[in-house]
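In: Build me a model from this:
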Amino acid sequence: MSQSQKASGQFSYSEKLLPQAEMLEEKKYKKSLYIGIPKETDKYENRIILTPQAVKQLADEGHKIVIEPGAGIKSRWKDSDYTKAGAGIVSRKEVFKSEIILKVSPFDEEDIRFLSGNQLIISTLHFNTQSSHKINKLKSKKVTAVAIELMKDAGGFNPFIQTMSEISGILAINTASEYLSNPETSKGILLGGITGIPAARLIIIGAGTAGEYAARTALGLGAQVKVFDPSLSKLQDLKSKLGIQLFTSVFQKEIISKALKTADVVIGAIDYNKEDNINIISEKMVASMKNGSVIIDLNTDSASCFASSKITHLGNPAFEKHGIIHYCVPNITSKASRTASVALSNTIFPVLQKISHEKSTPNIVRNITEIRNGTYIYEGILTNERLGRQLYLDFKDIDLLTAIF
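Out: Next comes the predicted model:
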């Protein structure tokens with residue numbers, strides 16, 4: 001086709017057909033999002049939900065992003081990194097006027113008070129930290145609230161759980177090693193041992209992603225590792241992935257009890273999204289362990305397997321019970337805040353792009369699988385059954401509310 005034809009808009013019959021299809025694709029609905037990222041009020045939460053790189057691409061695509069001053073500082077990003085990427089640095093009050101609010105830690109009462117209402121809010125939920133009072137406050141704001149840890153795609157995959165589990169599995173071993181080698185808090189021994197001195201004995205409860213990465217790290221340091229899980233197929237998969245002979249067992253009380261009596265470290269790595277606390281390890285079983293042993297509970301906020309656990313924070317992460325050191329920080333990945341923030345951003349960024357192609361909140365929830373699976377409050381109505389039963393609150397089926405048949 002000649003330049004004059006291009007200028008005049010004249011096309012041959014065959015040339016018209018291809019551009020028409022492309023033009024229809026280009027005309028697919030897209031709206032500009034107004035996204036707010038407040039600074040975390042939890043002083044032990046070091047992560048931020050979007051990196052400057054993700055903000056830049058969103059800004060280049062025409063979206064408005066506003067961030068509270070200092071929101072990225074604990075992940076080593078300055079306000080200037082975000083302004084260069086196209087974000088606005090505004091007051092907390094202004095951030096909470098955004099149509100979409102993104103946080104890492106759950107919304108607390110101060111956050112809820114700042115919400116203007118009828119917004120889409122995305123954060124972690126942490127089932128065991130919720131109260132009926134807080135959920136009712138959120139409901140009164142008529143928000144649609146989405147829990148990142150529940151955001152599975154159509155294939156059941158949740159990138160947040162996957163990446164955070166990888167990080168937490170590694171950090172669990174690093175943390176256990178720190179406590180185990182400290183003579184003031186524990187035994188003053190190395191996790192891996194040296195020539196002529198046996199390695200520490202380590203038990204991992206759970207053969208999921210966190211358990212796998214904990215096992216990889218512990219074996220790399222030379223520890224003696226045993227893994228327990230209720231699923232035989234998960235145990236087989238783990239042995240196949242690691243490519244070495246590894247002691248594994250399904251949950252059998254007698255076998256676990258015997259192993260605990262000689263264990264130096266026990267890692268609780270049950271999957272994040274289990275429906276109920278399992279408490280596989282009773283108080284009596286914990287009390288039977290050797291004094292100075294270490295428990296690292298990765299899921300005390302959601303699905304703890306230790307009856308002796310209680311939620312702690314990075315400011316005071318450990319306590320002693322029955323002579324055993326317990327480390328029960330739910331956001332352990334904040335210890336590696338930069339890595340964890342990049343992983344978080346990689347999870348949220350593609351979802352935001354999908355949201356920009358939907359016209360309304362009902363469409364967002366109806367058409368984006370990750371959002372529908374993660375929604376626990378829909379326009380002021382509680383939709384999560386587990387939360388409803390846990391807090392004795394009425395709940396409704398989200399598929400019925402959004403007319404999905």
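In: Can you give me the domain boundaries for this structure?
Out: 34-157+337-401, 164-330 (automatic domain parsing).
In: and those as TSV, adding mean neighbour count and mean pLDDT?
Out: Heads up, the C-betas are built off the backbone N, CA and C, glycines and all. Rendered in TSV, the data for the domains of the chain read as follows (neighbours: other Cβ atoms under 10 Å; pLDDT from 0 to 100):
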stretch	mean neighbour count	mean pLDDT
domain 34-157+337-401	18	96
domain 164-330	19	90
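In: Just the strands from the stretch 201-350 of the chain, written as ranges.
Out: For the stretch 201-350 of the chain, the strands defined by DSSP state E, counting those that start in this stretch cover 201-205, 224-228, 247-249, 265-268, 294-297, 318-321, 324-327.
In: any chance of these in a markdown table, with distance to residue 171 too?
Out: Listed next are the strands of the stretch 201-350 of the chain as a markdown table, based on distance: least, Cβ to Cβ, whole Å:
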| stretch | distance to residue 171 |
| --- | --- |
| strand 201-205 | 14 |
| strand 224-228 | 17 |
| strand 247-249 | 23 |
| strand 265-268 | 11 |
| strand 294-297 | 9 |
| strand 318-321 | 14 |
| strand 324-327 | 10 |
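In: just so I know, which of the ones you listed lies nearest residue 121?
Out: strand 294-297 (27.7 Å; Cβ to Cβ).
In: For the closest one, C-alpha coordinates in CSV please.
Out: C-alpha atoms of strand 294-297 as CSV (Å, rounded to 0.1, in the frame of the first residue of the first chain):
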residue,chain,number,x,y,z
VAL,A,294,13.6,-24.6,69.0
ILE,A,295,10.2,-24.4,67.4
ILE,A,296,9.7,-22.2,64.4
ASP,A,297,5.9,-21.8,63.6
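In: Show me what it is packed up against.
Out: helix 159-181, strand 265-268, strand 324-327 (3 or more Cβ pairs under 8 Å, 6 or more residues apart in numbering; DSSP states H and E).
In: Distance from the first one to the middle of the chain?
Out: Read it as helix 159-181. 13 Å (Cα atoms, centre = their mean, to the nearest Å).
In: got it, and the second one?
Out: Going by Cα atoms, centre = their mean, the spacing between the C-alpha centre of strand 265-268 and its chain's C-alpha centre is 20 Å.
In: Name the residues that touch it?
Out: For strand 265-268, contacts defined as Cβ atoms under 8 Å, 6 or more residues apart in numbering pick out 172-173, 176, 180, 191, 200-206, 211, 214, 223, 260, 281, 289, 293-300, 304-306, 309.
In: ok, that strand: who's next to it in the sheet?
Out: strand 201-205 (parallel), strand 294-297 (parallel) (DSSP bridges).
In: Reformat the ones you listed as CSV; add distance to residue 61.
Out: Converted to CSV, the strands paired with strand 265-268 look like this (distance: least, Cβ to Cβ, whole Å):
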stretch, distance to residue 61
strand 201-205, 42
strand 294-297, 41
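In: which stretches of the stretch 251-400 of the chain form helices?
Out: For the stretch 251-400 of the chain, helices defined by DSSP state H, counting those that start in this stretch occupy the ranges 253-260, 283-287, 337-355, 361-367, 369-374, 385-391, 398-401.
In: Can you tell me which of those is nearest to residue 44?
Out: Nearest of the helices of the stretch 251-400 of the chain (Cβ to Cβ): helix 337-355, 10.6 Å.
In: The closest one: how far from the chain's middle?
Out: 11 Å.
In: now the angle from that helix to helix 159-181?
Out: Orientation check (axes from the mean of the first three to the mean of the last three Cα atoms, to 10 degrees): helix 337-355 against helix 159-181 gives 170 degrees.
In: CA-only coordinates of helix 337-355 in CSV, if you can.
Out: The C-alpha trace of helix 337-355 is given here as CSV (Å, rounded to 0.1, in the frame of the first residue of the first chain):
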residue,chain,number,x,y,z
SER,A,337,11.8,-7.2,53.0
ARG,A,338,13.3,-6.3,49.7
THR,A,339,13.0,-9.8,48.2
ALA,A,340,9.5,-10.3,49.7
SER,A,341,8.3,-6.9,48.3
VAL,A,342,9.4,-7.8,44.8
ALA,A,343,7.6,-11.1,45.1
LEU,A,344,4.5,-9.3,46.4
SER,A,345,4.6,-6.8,43.6
ASN,A,346,4.9,-9.7,41.0
THR,A,347,1.7,-11.1,42.5
ILE,A,348,-0.4,-8.0,42.5
PHE,A,349,0.8,-6.2,39.4
PRO,A,350,-0.9,-8.6,36.8
VAL,A,351,-4.1,-8.6,38.8
LEU,A,352,-4.2,-4.8,38.6
GLN,A,353,-3.9,-4.9,34.9
LYS,A,354,-6.8,-7.3,34.7
ILE,A,355,-8.9,-5.0,36.9
